[in-house]
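A.B. asks: Need a 3D model of the following:
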Amino acid sequence: MKKVPVSVIITTYNDHSYLEQAVDSVFAQNFMPSEIIIVDDGSNEHISDFFIQKYVANSLDIDVCFFRKENGGASSARNFGLNKAKYTYVAFLDVDDKMLPDNLKEKYELIQCLSDDYFGVYGGSIRSTGKEDLYSDFDGCVNVELIDEPKIGIPGGSPFYLFNKKSLLEVNGFDEELKCNEDYDILIRLFKNDKKCKGSTGAGFYRNIRPNSLSRPSDPVKQFKQTMSFLDKTEKLRFYNEEFLNYRRMVVHLSLVKSVFFKRKYFMAFKFSRKAFEYSKPITLKQKIIYIFSFSYIKFKR
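C.D. replies: Predicted coordinates:
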């Protein structure tokens, strides 16, 4: 079994029940990483010593390291793992996801041929819903407005990539002040630092779409505020042009509208729909329907 200079970083917080399948999926790679770093971000329960020893004493000569730190959020946990990583390349895996067998092989064969001005390579994923995430095959510095645009753009999540560790350190890792969209943020900063990326082939991991995960909090208002904080940062640092930024703000408002509407908070839904269209005009059919109903509701209330 070929072993490559890759550190796989798995972060966990109160979801240890998924950890074994995540680690097993890394051990099932056709190209093996040189180390696996597991970071517990201050969970309420400790990982058992039996579980730890099961992987530390592995027969494949892979360094498996477990760390527990005070809770600081996803970015803090990833940065912790990044600073512990010993090898040239870094792959991140969310604890509830699983790597597919050729993930590291396909990406390593691609990235090892690239110069240091490339921050990484990427592929797609298969969702637990059965849908496949597909992206364009870019090679170079990408327009940041294409981040997380299916088919025409590039992935917006860190687990899609195999990174050059040096590139991540050059931009000071993940922004620990952000509690949402931290993956978008680091990709934007890499591109703004004149780094490039290159597309890979095939799906690299199985993506578990589940409610109440760290990336999908159950409180829609909390998620709304966190996303707006990210967009405020993009405005301050001029990551996006004004038109695109305002469109994103409209979309974020409408996402909250959808969540609160189905919780029967109708006035709140229409209040935020009115606010949404102060940023941008509706473009899609669904947006136009919401626009019509939001103004009809205000007239009805009067």
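A.B. asks: From the contact counts, what lies against the longest helix along the chain?
C.D. replies: The single longest helix within the chain, with elements called by DSSP state H, is helix 242-261. Judged by 3 or more C-beta pairs under 8 Å, 6 or more residues apart in numbering; DSSP states H and E, the packing partners of helix 242-261 are helix 220-237, helix 266-279, helix 285-301. Using the backbone N, CA and C atoms, a C-beta is placed for each residue, glycine as well.
A.B. asks: to the chain's geometric centre, what's the distance from that helix?
C.D. replies: 19 Å (C-alpha atoms, centre = their mean, to the nearest Å).
A.B. asks: same check, this time on stretch 239-252
C.D. replies: Computed by C-alpha atoms, centre = their mean, the separation of stretch 239-252 from the middle of its chain amounts to 19 Å.
A.B. asks: The longest helix of the chain versus helix 266-279: what angle between them?
C.D. replies: For helix 242-261 against helix 266-279, the angle by axes from the mean of the first three to the mean of the last three C-alpha atoms, to 10 degrees is 170 degrees.
A.B. asks: Kindly format the C-alpha coordinates of helix 242-261 as CSV.
C.D. replies: Only the C-alpha atoms of helix 242-261 are listed here, as CSV (Å, rounded to 0.1, in the frame of the first residue of the first chain):
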residue,chain,number,x,y,z
GLU,A,242,-21.3,45.5,-5.0
GLU,A,243,-24.0,43.9,-7.2
PHE,A,244,-23.0,40.4,-6.4
LEU,A,245,-22.8,41.2,-2.6
ASN,A,246,-26.2,42.7,-2.6
TYR,A,247,-27.6,39.7,-4.5
ARG,A,248,-26.0,37.4,-1.8
ARG,A,249,-27.6,39.4,0.9
MET,A,250,-31.0,39.1,-0.8
VAL,A,251,-30.6,35.3,-1.0
VAL,A,252,-29.6,35.0,2.6
HIS,A,253,-32.7,37.0,3.7
LEU,A,254,-34.9,34.8,1.5
SER,A,255,-33.4,31.7,3.0
LEU,A,256,-34.5,33.0,6.5
VAL,A,257,-37.9,33.8,5.1
LYS,A,258,-38.4,30.2,4.0
SER,A,259,-37.4,28.9,7.4
VAL,A,260,-39.6,31.1,9.5
PHE,A,261,-42.5,30.9,7.1
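A.B. asks: got a list of contacts for that helix?
C.D. replies: With C-beta atoms under 8 Å, 6 or more residues apart in numbering as the test, helix 242-261 has contacts from 145, 220-221, 223-224, 227-228, 231, 234-235, 240, 268-270, 272-273, 275-277, 279-280, 283, 287, 290.
A.B. asks: From Phe174, how far off is Lys166?
C.D. replies: Noted for Lys166: a distance of 15 Å to Phe174, by C-beta to C-beta, to the nearest Å.
A.B. asks: Compare neighbour counts for the two and give me the winner.
C.D. replies: In this view Lys166 and Phe174 are compared by other C-beta atoms under 10 Å, and Phe174 has more residues nearby, 23 against 12.
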